[in-house]
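Trainee: what follows is a predicted structure for the sequence shown.
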Amino acid sequence: MERNPCTVTVICNNLVDPLFEGEDGPYFSYPRSLMRSMVGEHGLAYLVQVGDVNIVFDTGGIKRTFLNNIQAALLEGADISWIVLSHGHHDHVSGLVPFLAVLKEKAGGTVPGVSCHPFAVKKRYQVTGKEQIILPIDPGDIPALLKRGAVKDHRGVNEAIIRKLGVNLEMTVDPLVVLEDGEAGITVKTTGEIPRIHEKVFYPATYVIEQDNVLVHDDFLDDQALIIEKRNEYAAVLLGCCHAGLENTVARVQELTTLPIKVIIGGFHLTGLDQHIIEEKHAFLEKLAIEVDGKPGPARLMLRPIHCSGERFYLRLKTKGSDKLDVDRLPAGARFTP
């Protein structure tokens, strides 16, 4: 029996466009029947399929949206091997519990494992700016702050509920090899926690997280990306929100693979940032396309900025980018095939 190729389907994204005019090619395709079934939202999710193995990377921000879209993309009766979370924000994990409940009922009690950074299950909040907040915050003060509207609850992953469903919740700061398929020549692995070497400031600056029984500024240490290696050819990177910073994330990927980075898909998290930051990231990507550590880069660096990347960043790449950059949109339902 012929094996299925490795396919990455965008399950949740801000953009839905069943009439998208991208051309099907060796790397990207746009199945209109599937794209017509997709619902848009401010959330992100992917389905990675290698042979009979199905891996979900993030689960969107609205449970109905994610359940609709994943059921449209997933073949009837197909099993999910792993669910991997890029980080613990609600627009990436809100479909998790409903999806696990559906899978548990369907499979008669068995559910796939879930992998994330330990901080993905921490309590976190967003400061609204309605009053001055001095850090650190005592957790005992949170109910009053919530009532006054000074902070908003921003926790995405509730560990207690996940455990109650009987899920194997694997929390690690280290890279995790999710799949290694020698026959297909495909390896899928996480970056694990991303060292903060280049970027030192992380956005948005209004988030706080509970650590050591106090609430402190959130530097999003749970942020991680997914790497897909095509043996002897190249690596593709799936971003969640890239809170760790684009340059830090790329540096981490380069530590974990010897292959050139040819594709980056996902949220670059440059919405609302100053133009000079957008220009800096553009310059970095142009350099990445030319060479890496003195070695020639890919023939073209394929970039698909979606979700939280920002319109100004997309337009900068699209209109000011060199011919070394292949830049386009990627609506929900669109597919990447390594």
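Mentor: Thanks, I have the structure now.
Trainee: what about residue 72, how many residues close to it?
Mentor: When neighbours are counted by other CB atoms under 10 Å, residue 72 registers 18. All C-beta spots, glycine's among them, are computed from the backbone N, C-alpha and C.
Trainee: skip the chain neighbours and tell me the closest residue to it.
Mentor: residue 37 (4.0 Å; CB to CB, 6 or more residues apart in numbering).
Trainee: now do the contacts for that neighbour.
Mentor: Contact analysis of residue 37 by CB atoms under 8 Å, 6 or more residues apart in numbering lists 68-69, 72, 333.
Trainee: which of these sits closest to residue 263?
Mentor: Comparing the contacts of residue 37 against residue 263 with CB to CB places residue 333 closest, at 18.0 Å.
Trainee: my guess is the closest one contacts residue 40. True?
Mentor: No. At 10.2 Å, residue 333 does not count as touching residue 40 under the criterion of CB atoms under 8 Å.
Trainee: ok, now which ones touch the closest residue to residue 53 other than its chain neighbours?
Mentor: Nearest residue to residue 53 in three dimensions, chain neighbours excluded: residue 81, at 4.9 Å (CB to CB, 6+ apart). Contacts for residue 81 (CB under 8 Å, 6+ apart) come out as 53-55, 112, 178-179.
Trainee: as a check, name the ranges of all helices in the stretch 1-150 of the chain.
Mentor: With DSSP state H, counting those that start in this stretch as the criterion, the stretch 1-150 of the chain has helices at 32-35, 63-73, 90-93, 96-106, 142-148.
Trainee: could I get the third one in PDB with only the CA atoms?
Mentor: What that stands for is helix 90-93. Output of helix 90-93 as PDB, limited to C-alpha atoms (Å, rounded to 0.1, in the frame of the first residue of the first chain):
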ATOM      1  CA  HIS A  90      -6.000  30.500  25.100                       C
ATOM      2  CA  ASP A  91      -5.900  31.200  21.300                       C
ATOM      3  CA  HIS A  92      -3.700  28.100  21.000                       C
ATOM      4  CA  VAL A  93      -5.200  25.600  23.500                       C
END
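Trainee: what's in contact with that helix?
Mentor: 42-45, 58-61, 85-86, 120, 154-157, 240-241.
Trainee: show the contacting residues for residue 134.
Mentor: If you count contacts by CB under 8 Å, 6+ apart, then residue 134 has nothing around it.
Trainee: and the gap between it and residue 216?
Mentor: 12 Å (CB to CB, to the nearest Å).
Trainee: anything in contact with each of residue 333 and residue 40?
Mentor: Joint contacts of residue 333 and residue 40 (CB under 8 Å, 6+ apart) are residue 16.
Trainee: between these two, which one's more packed in?
Mentor: Neighbour count, other CB under 10 Å: between residue 333 and residue 40, residue 333 has more, with 25 against 16.
Trainee: how about that one, nearest residue that isn't a chain neighbour?
Mentor: residue 35 (3.5 Å).
Trainee: wait, what's in contact with that neighbour?
Mentor: Applying CB under 8 Å, 6+ apart, the residues near residue 35 are 16-18, 20, 331-334.
Trainee: nearest to residue 290 among these?
Mentor: Nearest to residue 290 among the contacts of residue 35, with distances taken as CB to CB, is residue 334, at 27.2 Å.
Trainee: before we move on, back to that, reformat the contacts of residue 37 as CSV; add pLDDT and distance to residue 183.
Mentor: Output for the contacts of residue 37, formatted as CSV (pLDDT from 0 to 100; distance: CB to CB, whole Å):
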residue, pLDDT, distance to residue 183
68, 97, 33
69, 98, 29
72, 96, 28
333, 98, 28
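Trainee: with respect to residue 5, which of the residues you listed is nearest?
Mentor: For the contacts of residue 37, the nearest to residue 5 is residue 333 (17.3 Å; CB to CB).
Trainee: quick one: the closest one and residue 186, what's the gap?
Mentor: 22 Å.
Trainee: burial measure for residue 102, as a count.
Mentor: Neighbours of residue 102 (other CB under 10 Å): 16.
Trainee: residue 198 too?
Mentor: Neighbours of residue 198 (other CB under 10 Å): 14.
Trainee: ok, now residue 17?
Mentor: With other CB under 10 Å as criterion, residue 17 counts 18.
Trainee: OK, contacts around it?
Mentor: Residue 17 neighbours (CB under 8 Å, 6+ apart): 35, 329, 331.
Trainee: residue ranges with poor pLDDT in the stretch 1-150 of the chain?
Mentor: Scanning the stretch 1-150 of the chain for pLDDT under 70 picks out the ranges 1-4.
Trainee: against residue 131, how distant is the residue minimising distance to the centre of the chain?
Mentor: Centroid-nearest residue in the chain: residue 240, 1.9 Å away (criterion: CA atoms, centre = their mean). Residue 240 is 31 Å from residue 131, where distance means CB to CB.
Trainee: just residue 100 next, same as before
Mentor: 37 Å.
Trainee: understood, closing this out.
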